[in-house]
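In: Fold the following.
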Amino acid sequence: MTSKQVLRIGIGGPVGSGKTALVNALCKKMRTNYQIAVVTNDIYT
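Out: This is a model prediction of the structure:
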């Protein structure tokens with residue numbers, strides 16, 4: 001079995017601070033090199 005490195009990024013901040021835009025930009029830049037999953041803590045997001 002081969003092991004894979006895991007990169008975890010946590011993003012927090014108040015409403016309207018750009019969290020979703022930041023996650024969107026990060027995913028677009030990183031998707032060619034990483035398998036990406038996004039987990040939210042906000043039921044409205």
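
In: Do you have the helices of the protein handy? List them.
Out: 19-30 (DSSP state H).

In: remind me which residues of it are low pLDDT?
Out: The model of the chain has pLDDT under 70 over residues 1, 43-45.

In: ok, which stretches of it are strands?
Out: Counting by DSSP state E, the chain yields no residue ranges for strands.

In: Only the buried residues of stretch 16-31, if you could.
Out: Using 16 or more other C-beta atoms under 10 Å as the test for burial, stretch 16-31 gives Lys19, Val23. Every residue, glycine included, has its C-beta placed from N, CA and C.

In: Run through who's touching that stretch.
Out: Ile9, Ile11, Gly12, Gly13, Ile36, Val38, Thr45 (C-beta atoms under 8 Å, 6 or more residues apart in numbering).

In: Would you reformat the residues you listed as CSV and include distance to Asn24 and neighbour count?
Out: As requested, these are exported to CSV (distance: C-beta to C-beta, whole Å; neighbours: other C-beta atoms under 10 Å):
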residue, distance to Asn24, neighbour count
Ile9, 13, 9
Ile11, 11, 13
Gly12, 16, 7
Gly13, 15, 9
Ile36, 11, 12
Val38, 9, 12
Thr45, 12, 9
